[in-house]
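Q: next come a sequence and a model predicted from it.
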Amino acid sequence: MRTDFAFVAVMMLAAVLLMGVALLGAALLRPKKPSKAKLETYECGMETVGDAWVQFRVQYYIFALIFVLFDVGGVFLFPFAVAYNSLPLYAIVMVCLFVLTLLGSLLYAWRKGVLQWD
Amino acid sequence: MTVFEVINNILKIAGDAFAGLITSILGAGGLADFVVMLVAALIICALCAVAFMGLTYAERKIVARIQDRIGPNQAGPYGVLQPIADGIKMFTKEDTTPAEADRWVYNLAPLVIAVFALLTYAVIPFAPGVVGTNLNIGVFYVIAVGSGSTVAILMAGWGSNNKYSLLGAFRTVAQLVGYEVPMLLNVLPVVMLSGSMSLVDIIERQTLGNGGNGIPFILVVPLSALIFLISGIAETGRSPFDLLEAESEIVAGFHVEYSGMKFALFFLGEYVNALAVSIMFTVLFMGGYAGPILPPYVWLLLKVAAVFTILMWLRGTLPRVRVDQLMSFNWKFLVPMSIVNVILIMIIGKVFVADPVTAQVNGGIAVPPLVQAMILFTSNVIVLLIGLLMVSRQARQLRLTEAEDLDRRAAHNKAAAAKVVAQ
Amino acid sequence: MTLQQILFIVISLVVLGSAFLVVTTRNLFHAALFLVVSFFGVAGFYVLLDAGFFAAAQVLVYIGAISILFIFAVMLTRDVITAQRGNSQWQAAAFVGAFLFLLMAILLGPFSITIRGHQFGNANWPFDMAGDAIKAAPSNFVGTMGSGLVSMDQYGVPFLLAGVLLLVAMVGAIWVARELRGREAEKAAAETAIDDADMDMNQPVQETLPLVDTNEAHESHDAAAVEKH
């Protein structure tokens, strides 16, 4: 499997090379006429008010946290899915319990009103 | 070999010939392998870039026709040279970097997004035997690479030193991260039914031949296919989920401060991602390059074109969803339905087993594969209908309470207005 | 030096270097990004160890989810750029760090010390440094891992415990969320209260009257001036 990943590394290298060449070409071809107005931050054509720090709501954090939980749950389920065909019938019970625990946690979060955007 | 066989396997023949050539020049060993892999990777990346150009043109034309207008027709006959004109524009636009942008973070973000978008193609089989590398964790690798690019979006949003950029980046990441979960959960039935995460094995399972039973998975688990397509569209930020680049709202979201080639890299990343989602959908659910008469790469092209046309069709037809509709649709509808779907498929796949040998060893009823496929199909459709029923009932309740709410608010406003007039 | 050893050294330098930069950078956001580079390095280690599944899981969970969580948490605090990140207890920290390093070097390395007749250390690494030290994984290792995860006599119970752990994490997240949302709602309510108070104090009708007066005063003044001339 190590040699399989060699192509992934080569692909990363090739992508960086190609995109790097494109960026370099653009850097050579484009005009460079900086002016004070062009360097200003964009705020729909008006002057900016306050620095670029935004009080963002805790909803973003909550959704990312729930995603971490389901992500880890999914990572656990993938090896089971690969071994699915050779498992006996009663092994499904364990995985059903696990998946029902995940579903239960989602339903609990829903009932507690955490899944609203506003 | 007959002409037919040569046409069928032309990619593999060309690849083998090239590898032989390089080995004869450089001697067998690491360096020759490296050169062959580098050339193959460069060809894949270049093909992606060319496909990107063709796709932008096709998209603009098709969406225009859906919207009852013509689309680009000035650059060349029927506007065919429009992508080239766009390319020249991208190369020669000035790069207006905002003054207080964080140099390294700002410049690296588009590169990271484009590189991650291209990395998915390392694992996709274009024809039997023509695959970058047949990783035995193929599907998992694709999902992992797809989710790795979310950090680059935060880099772009933060590096621009712009409030709207940052806000757009947060919303984008919330959307992308949310729709990863249904994608993960709906690839599981495919992996369960084929017993392997390798993309080549999944295709082999859907073809008539060694180990396969010729039934594409879209006919076996249509609900999973549907949810995978929907979350794939949301992952790439296309309409109707294109809140990220809604021009009337956050102007251009997290890439508002980018211009010229860096913006082109974001754009390329989006289209390459959309193409990757279409290719993954065909490989996972429609059988990839499998097909009766035509050569495999032609089948792949036709199927991917069909799926991408569906994507463009959705873009031209559906209105944009609101951000709270987006998140509640994902977490309150797609994820529970995916989980219930996975549980049902697990149970049914073990109760009605397609292979009589495993039925004897592991317990379960042995049925021919077609019957198992039909049972899974009906169970999927039933889950979808029950889900839609529950949602429609809730929507009706919401409509009724909304009407009451509006009446109440109108009365309150009238009373408040009367109070102000009386003052 | 085989290719494997060179790759190992390169990836170790990347991981250690970016981990060092995480704790020494002034800018919190840059620290989070260097952490992402470190995670990539660890994924590279997994690939070297012939565990591709774990490399992909590392990218998916750590870089795709946990880094985003870190960056969101970093954004919740105000001073991302300007905070002076000094630590007033650095002497104690350095002492504890050096002690732990010495402990690990003794327990894991080729050294050994003898305290009161007991010998500590001199760990015997079960392979030789030269040559291909890493065994290739069995061909179906994801499948065997999967069947191990669900069978009761292998890893079935930890699997279910992991599910329960995720449920507990969700409950904790909900609790934290409600507390933070309560605090946000208080702040928002306080702001709207201030706005309401402002609106009560605003008397728009009275403010416009002086303007009208001054205009008339100017007009009469001008008229008087014209009349004078």
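A: Right, received. Where do you want to start? Residues are numbered from 1 along each chain as shown, chains lettered A, B, ... in the order given.
Q: hey, let's count contacts and neighbours off CA atoms from now on
A: Noted.
Q: tell me how many other residues surround the closest residue to chain A within chain C.
A: Nearest residue of chain C to chain A, counting by Cα to the nearest Cα: C:Gly146, 4.1 Å away. C:Gly146 has 22 neighbouring residues, counting by other Cα atoms under 10 Å in any protein chain shown.
Q: tell me which element it falls in.
A: Assigned by DSSP states H and E, C:Gly146 belongs to helix C:141-150.
Q: residues touching the residue of chain C closest to chain A, list them.
A: A:78-84 (Cα atoms under 8 Å, 6 or more residues apart in numbering or on different chains).
Q: neighbours of the closest residue to B:Gly76 other than its chain neighbours, how many?
A: Leaving out its chain neighbours, the residue that sits closest to B:Gly76 by Cα to Cα, 6 or more residues apart in numbering or on different chains is B:Gln82, at 7.2 Å. Neighbourhood size, B:Gln82 [other Cα under 10 Å]: 20.
Q: pull up the residues of the stretch 201-350 of chain B that are close to chain A.
A: For the stretch 201-350 of chain B, the contact set with chain A under Cα under 8 Å from any Cα of the partner chain comprises B:251, B:256-257, B:260-262, B:265, B:323-324, B:327-328, B:331-332, B:336, B:339, B:343, B:346-347, B:350.
Q: let's see which of those end up in helices.
A: Of those, the ones assigned to helices by DSSP state H are B:261-262, B:265, B:323-324, B:327-328, B:336, B:339, B:343, B:346-347, B:350.
Q: list only those of the residues you listed flagged as buried.
A: Buried by 16 or more other Cα atoms under 10 Å in any protein chain shown: B:261-262, B:265, B:323, B:327-328, B:336, B:339, B:343, B:346, B:350, out of those.
Q: lowest pLDDT pick from these?
A: Across these, the smallest pLDDT goes to B:Val323, namely 79.
Q: give me the contact status of the helix or strand where C:Arg181 lies with chain B.
A: Counting by DSSP H and E, the element that carries C:Arg181 is helix C:156-201. No: Helix C:156-201 does not reach chain B (Cα under 8 Å from any Cα); its nearest approach is 12.0 Å.
Q: what about the helices in chain A?
A: All helices of chain A, identified by DSSP H, fall at A:2-29, A:58-82, A:91-111.
Q: for the longest one, the distance to its chain's centre please.
A: Offset of helix A:2-29 from its chain centre (Cα atoms, centre = their mean, to the nearest Å): 22 Å.
Q: picking that back up, from C:Phe159, how far out is the residue of chain C closest to chain A?
A: Distance, C:Gly146 to C:Phe159, by Cα to Cα, to the nearest Å: 10 Å.
Q: over to B:Met327?
A: Separation of B:Met327 from C:Phe159 (Cα to Cα): 29 Å.
Q: B:Ser224 too?
A: Taking Cα to Cα, one finds B:Ser224 at 25 Å from C:Phe159.
Q: the more surrounded of the two?
A: B:Ser224 (27 against 21).
Q: tell me how many other residues surround the closest residue to that one other than its chain neighbours.
A: Distances taken as Cα to Cα, 6+ apart place B:Asn186 nearest to B:Ser224, at 5.1 Å, with adjacent residues excluded. Taking other Cα under 10 Å as the criterion, the count of residues near B:Asn186 is 24.
Q: tell me what the host helix or strand of B:Asn186 is packed against?
A: B:Asn186 is part of helix B:163-194 when elements are defined by DSSP H and E. Where contact means 3 or more Cα pairs under 8 Å, 6 or more residues apart in numbering or on different chains; DSSP states H and E, helix B:163-194 is packed against helix A:58-82, helix B:138-148, helix B:150-159, helix B:199-206, helix B:222-236, helix B:323-329, helix B:335-351.
Q: lovely, talk soon.
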